[in-house]
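>>> Below are the sequence and a predicted model for it; my questions follow.
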Amino acid sequence: MAEFHLVGGVKKLNNTNYNTWSTCMSSYLQGQDLWEVVQGTDTVQPRNDINGAINKWKIKTGKAMFVLKTTIEEELLDHIRDLATPKEAWDVLAALFSKKNDAKLQLLENELLAIAQKNLTVSQYFHKVKTLCREIGELDPQARIGEARMKRILIFGLKPEYRTFVAAIQGWPTQPSLVEFENLLAAQEALGAVW
């Protein structure tokens, strides 16, 4: 079966891409002036039919439901097939994937706690840690990992030969940003000048 790409190469929602799909879909729906019936201020049918408000609402909800139903894999369609509003459909999909995300979140957090540079270059190591932190933040926005904590995680997992260099940097009156810290370590690595 051919994959459906709605806009900008967005793939249909499946069991592995909820965060990407939901981010792209919310932007798409906002751009099509449909977000208000999904998660905005127009999620409930208007009570009064002033200037055809009910008909306009039904048209918008119909368009939004069409977008949602045609951008998910068939096995997920059963979860929202009979729902009346796009808000209900969006909320059901979010709840469905938040359950699956709990297990993935735990795996990512375990991987982050156990991470070490080992045979990775400084750039590879920083990229891996930043990616894990980003994925954790996407799964649980309340668990976002800030730059200071990310630096502590990175420092803890560095090869032992960088400890003296890191100690020297930590003594500076103004601490480097995460990008500057990575660049300093990468320069030391390139020069082979580990203290």
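Right, received. Where do you want to start?

>>> hmm, who's touching stretch 147-155?
Stretch 147-155 is touched from outside by 112, 115, 125-126, 129-130, 133, 145, 166, 177-178, 181, with contacts defined as CB atoms under 8 Å, 6 or more residues apart in numbering. Yep, even glycine has a C-beta here, placed from its N, CA and C like the rest.

>>> cool, stretch 168-182 as well?
With contact meaning CB under 8 Å, 6+ apart, stretch 168-182 is reached by 122-123, 126, 147, 150-151, 154, 184, 195.

>>> One more: stretch 131-140?
Contacts with stretch 131-140, where a contact means CB under 8 Å, 6+ apart, come from 19, 101, 104-105, 108-109, 111-112, 115, 143-145, 150, 153.

>>> and the residues you listed as TSV, adding secondary structure?
Converted to TSV, the contacts of stretch 131-140 look like this (DSSP: H, G, I helix; E, B strand; the rest coil):
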residue	secondary structure
Asn19	helix
Asn101	helix
Lys104	helix
Leu105	helix
Leu108	helix
Glu109	helix
Glu111	helix
Leu112	helix
Ile115	coil
Ala143	helix
Arg144	coil
Ile145	coil
Met150	helix
Ile153	helix
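
>>> which of these has the weakest pLDDT?
Least confident of the contacts of stretch 131-140 in the model: Asn101, at 69.

>>> Low-confidence bits of the protein, can you list those?
Counting by pLDDT under 70, the chain contains low-confidence ranges at 1-9, 99-101, 193-195.

>>> Out of the contacts of stretch 147-155, which end up buried?
In terms of neighbour count (16 or more other CB atoms under 10 Å), the buried residues within those are 112, 115, 125-126, 129, 133, 145, 166, 178, 181.

>>> Now, the residues you listed that are in helices?
The helices, defined by DSSP state H, take in 112, 125-126, 129, 133, 166, 178, 181 from the buried ones among the contacts of stretch 147-155.

>>> Turn the buried ones among the contacts of stretch 147-155 into JSON lines, columns for distance to Leu76.
Shown next, in JSON lines, are the buried ones among the contacts of stretch 147-155 (distance: CB to CB, whole Å):
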{"residue": "Leu112", "distance to Leu76": "29"}
{"residue": "Ile115", "distance to Leu76": "33"}
{"residue": "Tyr125", "distance to Leu76": "36"}
{"residue": "Phe126", "distance to Leu76": "36"}
{"residue": "Val129", "distance to Leu76": "32"}
{"residue": "Cys133", "distance to Leu76": "28"}
{"residue": "Ile145", "distance to Leu76": "30"}
{"residue": "Val166", "distance to Leu76": "47"}
{"residue": "Leu178", "distance to Leu76": "37"}
{"residue": "Phe181", "distance to Leu76": "42"}
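
>>> How is the protein partitioned into domains?
Taking automatic domain parsing as the reference, the chain has its domains at 18-99, 115-191.

>>> and those domains as CSV, adding distance to Lys11?
Output for the domains of the chain, formatted as CSV (distance: least, CB to CB, whole Å):
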stretch, distance to Lys11
domain 18-99, 7
domain 115-191, 16
